[in-house]
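Enquirer: Pasted the sequence and its predicted model underneath.
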Amino acid sequence: MNAYPQLATGALSQFPIVKQRRLRTVVNAVADGTSIKLADPSGATVGWQLHYANLSETELAALQQFYTSMEGTLHSFTFLDPAANLLAWSEALISAVWQVAPFLNLSGGVADPMGGNNAWQLANSGAAAQTLTQTLNAPTTYTYCFSVYAFSSQPVTIRLQLGSNSAQAALNSRWSRIQIAGSGSATASSVEFGIELPAGATVTLFGPQVEAQLAPSSYKTGTTGGVYSNARFRDDAFTLTSTDVNRHSATVNILYANSL
């Protein structure tokens with residue numbers, strides 16, 4: 001998998017990040033003077049402008065080498081949106097993108113810590129641990145952070161999963177944001193993120209979020225997800241500015257088009 005490189009800090013980019021989404025509408029003018037307008041999903045594009053400052057020689061070399069290997073705008077690569085929740089449908093846990101174990105019962109419409117009613121109650125009615133997972137076709141060697149808000153009316157310990165890594169989290173009757181950071185397996189083709197409940201446990205969850213960085217940022221609702229497997233560089237030249245020894249600046253423009 002050709003994947004846009006992370007920085008040495010584990011982050012994918014620096015601030016500021018400029019993200020622009022463009023939608024296209026098809027307009028059909030008919031003989032009586034009226035018009036019919038239809039959305040054209042195939043014409044939608046998303047673009048990012050990434051600004052880098054104080055890059056080390058190693059970080060700059062990684063960006064330059066990757067740009068050269070993609071031959072500028074010629075080849076596509078996987079890009080993880082640094083301004084998005086990489087998970088799809090983070091507030092619709094019964095969506096098909098989620099894999100729900102057979103004895104895990106989900107109920108929506110529960111009050112969440114943000115003041116809405118988008119949390120979910122998960123109840124394990126089985127005699128063994130049950131999981132809720134989502135798999136991303138994303139670079140397995142990246143550093144990720146998986147976080148979620150959770151509480152339980154009865155003290156319980158659940159497990160967070162990130163690839164082959166896992167971490168336990170003890171819950172009580174107050175909302176807390178729990179997290180795990182790490183990388184997937186280098187031999188795998190995807191990364192699985194999930195939550196495991198022990199037998200008989202009932203837990204309320206809100207806002208599962210995956211980001212390509214070491215620690216979680218503020219929660220963002222995930223809808224279509226933030227993994228773009230067919231992104232390209234927008235420009236045919238890679239320009240940089242050297243400000244000091246081992247200090248470099250660059251601006252990178254990346255484009256994703258549904259039609260490509």
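Expert: That came through fine. Numbers count the residues shown, from 1 in each chain.

Enquirer: Only C-alpha atoms from now on, for both contacts and neighbour counts.
Expert: OK.

Enquirer: Grab the nearest non-local neighbour of residue 3.
Expert: In space, not counting the residues next to it along the chain, residue 3 is nearest to residue 78; the distance is 4.6 Å by CA to CA, 6 or more residues apart in numbering.

Enquirer: Render the CA-only coordinates of the helix or strand encompassing the one you found in CSV, please.
Expert: Secondary structure assigned from DSSP states H and E places residue 78 in strand 77-80. Provided in CSV are the C-alpha atoms of strand 77-80 (Å, rounded to 0.1, in the frame of the first residue of the first chain):
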residue,chain,number,x,y,z
PHE,A,77,-1.9,6.7,-2.7
THR,A,78,-3.8,6.3,0.6
PHE,A,79,-4.2,9.5,2.6
LEU,A,80,-5.7,9.7,6.1
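
Enquirer: for that strand, packing partners?
Expert: Judged by 3 or more CA pairs under 8 Å, 6 or more residues apart in numbering; DSSP states H and E, strand 77-80 is in contact with strand 227-233.

Enquirer: now with 10 Å?
Expert: strand 227-233, strand 247-257 (3 or more CA pairs under 10 Å, 6 or more residues apart in numbering; DSSP states H and E).

Enquirer: how about these, which one is nearest residue 44?
Expert: strand 247-257 (6.1 Å; CA to CA).

Enquirer: That closest one - contacts with which helices or strands?
Expert: On a contact count with 3+ CA pairs under 10 Å, 6+ apart, strand 247-257 meets strand 17-22, strand 45-55, helix 57-69, strand 77-80, strand 227-233, strand 240-244.

Enquirer: could you give me the average pLDDT of that strand?
Expert: In this model, strand 247-257 carries a mean pLDDT of 95.

Enquirer: Okay, angle between it and strand 227-233 too, please.
Expert: Per axes from the mean of the first three to the mean of the last three CA atoms, to 10 degrees, the angle that strand 247-257 makes with strand 227-233 is 110 degrees.

Enquirer: What about the nearest residue to residue 122 once chain neighbours are set aside, how many residues nearby?
Expert: The shortest distance from residue 122 to any non-neighbouring residue, by CA to CA, 6+ apart, is to residue 106 (4.8 Å). Residues near residue 106, counting by other CA atoms under 10 Å, number 17.

Enquirer: can I assume residue 106 sits in a strand?
Expert: Yes - counting by DSSP: H, G, I helix; E, B strand; the rest coil, residue 106 falls inside a strand.

Enquirer: Could you report the distance from residue 257 to residue 233?
Expert: Residue 257 sits 11 Å away from residue 233 when distances are taken as CA to CA, to the nearest Å.

Enquirer: quick one: which of the two has more around it?
Expert: Using other CA under 10 Å as the criterion, residue 257 and residue 233 rank with residue 233 on top: 23 against 18.
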